[in-house]
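# Following is a predicted model, sequence given first.
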Amino acid sequence: MKRLALLILLSVSAFSQLATYGLKRNVTTAGTAVRLSATSLIVRSLVIQAPSTNVGTIYIGGSDVLAATKNGVALTSTNSLALLPIGELKTINSYDLTNIWIDSTTSGEGVSVTYFK
């Protein structure tokens with residue numbers, strides 16, 4: 001248990017050095033995937049959350065994400081997915097939000113994204 005607490009403390013400390021931003025993205029038409037960002041947006045880590053108002057399921061993945069076939073990581077109302085940094089803070093891997101897509105089983109629903117630069 002002490003190891004876990006130390007790991008969490010180290011993770012929080014690393015995130016405090018990063019600038020925090022947010023965005024919202026909706027799927028206009030269920031079955032038609034959209035990118036989290038239309039333009040290149042490089043981030044160090046992110047948390048994608050389905051709002052409590054969603055009644056359907058959001059699927060997250062690459063350009064082949066598709067809600068109809070359940071292809072992707074599923075998020076239901078209030079669930080979240082964290083993509084965390086790997087490696088040292090100075091040599092951290094990054095994510096381009098144009099390469100992360102979402103689709104929804106319900107038109108007009110989407111996600112909130114908190115990201116760190």
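Done, it's in. Numbering: from 1, shown residues only.
# What segments of the protein are strands?
Taking DSSP state E as the criterion, the chain carries its strands at 20-26, 34-35, 42-43, 45-49, 58-61, 73-75, 80-83, 95-96, 101-104, 110-116.
# now those as TSV including distance to residue 67 and mean pLDDT?
(Glycine included, C-beta is placed from N, CA and C.) Shown next, in TSV, are these (distance: least, Cβ to Cβ, whole Å; pLDDT from 0 to 100):
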stretch	distance to residue 67	mean pLDDT
strand 20-26	13	94
strand 34-35	12	98
strand 42-43	24	91
strand 45-49	15	94
strand 58-61	5	97
strand 73-75	9	96
strand 80-83	15	93
strand 95-96	21	92
strand 101-104	4	98
strand 110-116	12	95
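# any chance of those strands in JSON lines, plus mean neighbour count?
JSON lines is the format used below for the strands of the chain (neighbours: other Cβ atoms under 10 Å):
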{"stretch": "strand 20-26", "mean neighbour count": "13"}
{"stretch": "strand 34-35", "mean neighbour count": "16"}
{"stretch": "strand 42-43", "mean neighbour count": "17"}
{"stretch": "strand 45-49", "mean neighbour count": "20"}
{"stretch": "strand 58-61", "mean neighbour count": "22"}
{"stretch": "strand 73-75", "mean neighbour count": "16"}
{"stretch": "strand 80-83", "mean neighbour count": "14"}
{"stretch": "strand 95-96", "mean neighbour count": "16"}
{"stretch": "strand 101-104", "mean neighbour count": "25"}
{"stretch": "strand 110-116", "mean neighbour count": "20"}
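# For residue 57, grab the count of nearby residues.
19 (other Cβ atoms under 10 Å).
# which residues does residue 52 contact?
By Cβ atoms under 8 Å, 6 or more residues apart in numbering, the contact set of residue 52 is 77, 78.
# Kindly provide the distance from it to residue 109.
Relative to residue 109, residue 52 is positioned 11 Å away (Cβ to Cβ, to the nearest Å).
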